[in-house]
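Colleague: whatever this is, show me its structure:
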Amino acid sequence: MMEKKLLIELLKNKGFSKKIVQAFQKVKREDFVKPEYQQYAYLDGPLPIADKATISQPQTIAFMLDLLEIKDGNNILEIGSGSGYVLALINAMAKKLTLYGVEINPELVERSRKTLPKKIKIIQQSGEEGYPEKAPYDRILVSAAFAEKPVHLIAQLKKGGILVSPVGNYIYKWVKNDEIIEEAYYGFTFVPIQQVTNE
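Modeller: Presented below is the predicted three-dimensional model:
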């Protein structure tokens, strides 16, 4: 297996916070990938986890978690939660979190329910419309790319809430205050959300 400590050193050298680095140290990525890919679990790259679905590159995940500014007590939704790796990292980053994952692939839903703590709720359905049933959220993370800005998800945020989502080859961050504050970062590749939400 590729050494975990090399990935941890990479994340430290990139300047990610102690909280993020410790989450990557604590969570075993090999538990969230297929057995045939476990030897590559700590490679800084995406890996296939199911038909059309991948587990994202660790450095990209760390970047998105940094943008998300997770705090104790947050109510958090991940759309396209896959095998549950990112939810496990989020759970390791703060206390008293309420966590929801929306994932349509039944194989991944079953796997993540077995791997994750019971307090993390996984809902099997398309995540394109978010999960308004438990809104509003402090944080929403989208782990697949929308073709257009998912402004409908901003409506599911609390005031002061943060949405982080890929759109095309960008990662966007929106902060919901009296005005919506937007940041955009170019140079990323994600599976299109339509590809992972239409079984």
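Colleague: phi and psi next, for residue 177.
Modeller: phi -120, psi -150 (degrees, to the nearest 10).
Colleague: can I get the lengthiest strand in the chain as CSV, trimmed to CA atoms?
Modeller: Longest strand of the chain, by residue count under DSSP state E: strand 157-167. Extracted C-alpha coordinates of strand 157-167, given in CSV (Å, rounded to 0.1, in the frame of the first residue of the first chain):
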residue,chain,number,x,y,z
LEU,A,157,-28.7,27.2,3.6
LYS,A,158,-29.1,29.1,6.9
LYS,A,159,-28.1,32.7,7.0
GLY,A,160,-24.3,32.6,7.2
GLY,A,161,-24.3,29.2,5.6
ILE,A,162,-21.7,28.0,3.0
LEU,A,163,-22.2,26.0,-0.2
VAL,A,164,-19.2,24.5,-1.9
SER,A,165,-19.8,22.9,-5.3
PRO,A,166,-18.0,22.1,-8.5
VAL,A,167,-19.5,23.7,-11.6
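Colleague: which residues sit against it?
Modeller: The contact list for strand 157-167 (C-beta atoms under 8 Å, 6 or more residues apart in numbering) reads 64, 67-69, 75, 79, 135-150, 153-154, 171-177, 188, 190. All C-beta atoms are positioned from the backbone trio N, CA, C, and that covers glycine.
Colleague: just the buried ones among the residues you listed, please.
Modeller: 64, 67-68, 75, 79, 135, 137-146, 149-150, 153-154, 171-176, 188, 190 (16 or more other C-beta atoms under 10 Å).
Colleague: helices of the chain, start to end?
Modeller: Using DSSP state H, the helices found in the chain span residues 4-13, 18-26, 58-68, 85-93, 106-115, 151-154, 193-197.
Colleague: including mean pLDDT and distance to residue 127, could those go into a markdown table?
Modeller: As requested, the helices of the chain are exported to a markdown table (pLDDT from 0 to 100; distance: least, C-beta to C-beta, whole Å):
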| stretch | mean pLDDT | distance to residue 127 |
| --- | --- | --- |
| helix 4-13 | 95 | 27 |
| helix 18-26 | 97 | 22 |
| helix 58-68 | 97 | 15 |
| helix 85-93 | 98 | 13 |
| helix 106-115 | 95 | 12 |
| helix 151-154 | 94 | 10 |
| helix 193-197 | 63 | 6 |
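Colleague: could I get these as CSV with distance to residue 52?
Modeller: Shown next, in CSV, are the helices of the chain (distance: least, C-beta to C-beta, whole Å):
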stretch, distance to residue 52
helix 4-13, 25
helix 18-26, 25
helix 58-68, 18
helix 85-93, 17
helix 106-115, 11
helix 151-154, 22
helix 193-197, 5
